[in-house]
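Colleague: let me see the structure of the following:
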Amino acid sequence: VHSNQAKVKGRDVFANGTHAIDQNSQYAKCHYARVDLPKASEMSGAGSDSIWMDENTGGMIDDPGEKNKEEIKNAETPNYVDGTWTDCTTKNISDMALTFVAYEEGVAEVNGETYRSIQSAVDSLKNVEAADEVPVIRLQQDSRENVTIPEGIQVKLDLNGKTLRGLTSSVIRVEPNAKLTIQDSSGSKEGSIQDGRGTLSRCNSNQEKLYGGGLFVEGTVVLESGTITNNKANYGSAVYICDGGAFEMSGGKITGNRDGEGAVSVYRNEQNEKGDKGKAVFRMSGGEISDNGVRGVIVSGGSEFEMSGGEIRDHKGTGSGAGVYLGRYAHFTMTGGEITRNTTSSTTGGAGIFAVEFARLDLSGGEIIGNQNTALEARGAGIYYSTNQATAYLMLKGTKMQGNTSGAHAQDIYLCPNANVKYLQA
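Modeller: Got it, this is the predicted structure:
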């Protein structure tokens, strides 16, 4: 039982922990889902390193069948009160949600040595004198694991046409002062990073949220080729860039990621008032960000997005800024590339780009074309600048805007009537 997929949880095994009461006999009985599973090492085809991963906690379970049995055994029996059977237990047993992981020989290769996992290959680079060339970890087989690139490590990951699937949290976390380059040397270019669920953190919120389904970037990541797909998180379903982090995209695809505020989220932590970690930066010179649901890119908190090439397209959502959303003090520079075919049903507008007060737009190249607001009262399908009597910073010189359509008027650009436009060039 392995390599299966589930939309919510329980990739390989799920058993519902919610109890039920059978009242058809004189004495009610508690009913729970009961699953007997062997130890991971006893599964068919397993090795001594195989594990059952508890998706609820991210921990490893040696004997899930015994754990499930003990939880049911310890559940309280029902009570008969005022002619009614009460709950089976004051605390329901937890759902069983498991992923089976069988580590095999030869998953990854680096410096002529093979390892059972990518993480093992990364760890082999610690305390090794830096070489003239950045080491390349090449995938030899598909792998299911979470990977951390620790501080001080520079490495390239060659997907080699294979798939890296996450277990829990972000598929890859790159720590401060670490650098990861992702590429795919295969002819098929089908190498991918999938199934991430985000890192639980308070990055830009007072509440814990999930950030960076595919990549959680505190250091530097360069995407040259390969695909980041089928990941999810509250912020940055594909990629989340933290304070001081940098994400550079010169090729590859970010597509088919879901459930987040944006496929690529670029945030400065609002709690980091000193800004001592630096800004979060996203530089896009190639590749495509497409069909990721609500939004392609969201930038906020004084972070920066520089676009000189590539495409942001085919996002369909109900909120403003289906292509690019710019929060307060965000800075967006566009010298090339294309923002196109993004659609929103928001009654406000801004299918291509939506910006709020104090965001700065420097647009001197590229194209913003064919974006659509479907709501009848919507405005500004290309760019919508919502300032609420605050300052709007907008420079437009050389960017082509064409074929953007809104339900009301101002098809290409709309500035709120009370906007204090700092500068506007055409």
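
Colleague: what number of residues lie near R360?
Modeller: Look at R360: counted by other CB atoms under 10 Å, it has 18 neighbours. For glycine as for every other residue, the C-beta is placed from the backbone atoms N, C-alpha and C.

Colleague: same check on L200?
Modeller: Neighbour tally, L200, other CB under 10 Å: 16.

Colleague: in contact with it, which residues?
Modeller: L200 makes contact with S169, E208, K209, L210, Y211, according to CB atoms under 8 Å, 6 or more residues apart in numbering.

Colleague: convert stretch 295-309 to CSV, retaining C-alpha atoms only.
Modeller: This file holds the C-alpha atoms of stretch 295-309, laid out as CSV (Å, rounded to 0.1, in the frame of the first residue of the first chain):
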residue,chain,number,x,y,z
ARG,A,295,-4.0,34.2,-7.9
GLY,A,296,-0.7,33.9,-9.6
VAL,A,297,1.5,36.2,-7.4
ILE,A,298,0.8,38.1,-4.3
VAL,A,299,3.3,40.7,-2.9
SER,A,300,3.0,42.6,0.3
GLY,A,301,4.7,44.3,3.3
GLY,A,302,7.4,46.2,1.4
SER,A,303,8.5,43.2,-0.6
GLU,A,304,9.6,43.3,-4.3
PHE,A,305,8.6,41.6,-7.5
GLU,A,306,10.7,42.2,-10.6
MET,A,307,9.4,40.8,-13.9
SER,A,308,11.5,40.9,-17.0
GLY,A,309,10.2,37.8,-18.8
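
Colleague: and the helices in the stretch 101-250 of the chain?
Modeller: 118-123 (DSSP state H, counting those that start in this stretch).

Colleague: still on that earlier bit, looking at the contacts of L200, which are in strands?
Modeller: Of the contacts of L200, the ones assigned to strands by DSSP state E are K209, L210, Y211.

Colleague: isn't the last one up against S237?
Modeller: No. Y211 is beyond contact range of S237, at 9.8 Å (criterion: CB atoms under 8 Å).

Colleague: so what sits against both of these two?
Modeller: In contact with both Y211 and S237: G198, using CB under 8 Å, 6+ apart.

Colleague: for S345, grab phi and psi.
Modeller: phi -100, psi 10 (degrees, to the nearest 10).

Colleague: for the stretch 1-150 of the chain, which spans come out with low pLDDT?
Modeller: Applying pLDDT under 70 to the stretch 1-150 of the chain picks out residues 17-34, 45-49, 57-59, 67-94, 103-104, 130-131.

Colleague: and with 80 instead?
Modeller: Applying pLDDT under 80 to the stretch 1-150 of the chain flags the ranges 2-3, 5, 7-8, 16-38, 40-51, 53-96, 101-105, 127-132.

Colleague: can you map out the strands along it?
Modeller: 13-15, 20-22, 29-31, 51-54, 60-61, 80-81, 84-85, 96-101, 108-110, 113-115, 136-139, 143-144, 147-149 (DSSP state E, counting those that start in this stretch).

Colleague: any chance of those strands in a markdown table, with mean neighbour count and distance to E175 too?
Modeller: What follows is the strands of the stretch 1-150 of the chain, written out as a markdown table (neighbours: other CB atoms under 10 Å; distance: least, CB to CB, whole Å):
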| stretch | mean neighbour count | distance to E175 |
| --- | --- | --- |
| strand 13-15 | 18 | 32 |
| strand 20-22 | 13 | 46 |
| strand 29-31 | 15 | 46 |
| strand 51-54 | 22 | 22 |
| strand 60-61 | 16 | 22 |
| strand 80-81 | 10 | 54 |
| strand 84-85 | 14 | 53 |
| strand 96-101 | 24 | 23 |
| strand 108-110 | 22 | 19 |
| strand 113-115 | 15 | 20 |
| strand 136-139 | 20 | 16 |
| strand 143-144 | 22 | 20 |
| strand 147-149 | 21 | 6 |
